[in-house]
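Visitor: show me how the following folds:
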Amino acid sequence: LLYDHDGSAPVDETCRSFTTSTARYGYQCKKAALEMGWQHAAFEDWVMLRANHILGRGSLLGCIPDHNRDPRLLERLAGAEPLALVSAGQINVSYAHPIDLASAAVALLTERHCLGRVVNLAHPVPVRAVDYYREICHQLRCPMPQITTAEIDPTNFWASTAQDNVFSTHWPESRALTFGHDIRACIRDALTVGEFRYRQMGAFLRQRLYDAD
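Guide: Model (predicted):
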């Protein structure tokens, strides 16, 4: 969400980033300011990792355009409620498992010539949103619900998530990284948190997002 791009995918590190003056929304402006502070801090040995949709134990499963903020998602899927997705789920999204993220961080930090870089980290094969939810239903052992098309205000912040959001990298060291967890493994590990805990996490994060805006 910090890349100021035209909605086409994939997006790599050569794409222009939002700044505190060009960001349209407070959420983007705060993140841009934070990254700027990191890049101009007193220390020089840094690598900034941008990971899109971190999915694993303790994470929330996203609901485009709700974007990881739906504490009722598992309940709604198990109850066969219709699932509203932008473009009926025909959107590509990137993801990374926390273990792959940690392994990549260690690998890049040990390469001195990688220091001082912003690096995108995501599984090299994106997943369509509709297939992402199909896998969730498969692991919940419930039928895939009816997919409806969600309509969102194009001027709303969430409109920026309602498009292909695929991360790639132009750094050869990053392209050589191995990602051992596919979307099935990510969802399996996310579901191990348990339904009650999942609902608690979702409500907490949703309120934090509202408070920030």
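Visitor: this structure: helices as residue ranges?
Guide: 26-39, 73-78, 98-109, 129-140, 172-175, 183-191, 195-212 (DSSP state H).
Visitor: buried set for the shortest one?
Guide: Which is helix 172-175. Ser174 (16 or more other C-beta atoms under 10 Å). All C-beta spots, glycine's among them, are computed from the backbone N, C-alpha and C.
Visitor: can you tell me which residues contact the nearest residue in space to Val47 that is not next to it in sequence?
Guide: Excluding the flanking residues, the one nearest Val47 by C-beta to C-beta, 6 or more residues apart in numbering is Leu108, at 5.2 Å. For Leu108, the contacting residues are 47, 49, 114, 119, 173-174, by C-beta atoms under 8 Å, 6 or more residues apart in numbering.
Visitor: apply 10 Å and report the result again.
Guide: 47, 49, 114-115, 117, 119, 121, 171, 173-174, 177 (C-beta atoms under 10 Å, 6 or more residues apart in numbering).
Visitor: these two touch, right, Arg134 and Leu85?
Guide: No - using C-beta atoms under 10 Å, Arg134 is not in contact with Leu85; the gap is 11.3 Å.
Visitor: picking up where we left off before, look up how far Val93 lies from the residue nearest to Val47.
Guide: In this view, Leu108 and Val93 are 23 Å apart by C-beta to C-beta, to the nearest Å.
Visitor: again with Leu55
Guide: 10 Å.
Visitor: who's more crowded, those two?
Guide: Ranked by neighbour count (other C-beta atoms under 10 Å), Leu55 and Val93 place Leu55 first, with 25 against 22.
Visitor: so the more buried one touches Tyr95, yeah?
Guide: Yes - using C-beta under 10 Å, Leu55 is in contact with Tyr95, at 5.1 Å.
Visitor: overlap of the contact sets of those two?
Guide: 62, 123, 132, 181, 183, 186-187.
Visitor: by pLDDT, give me the weakest of those.
Guide: Within those, Gly62 has the lowest pLDDT, namely 79.
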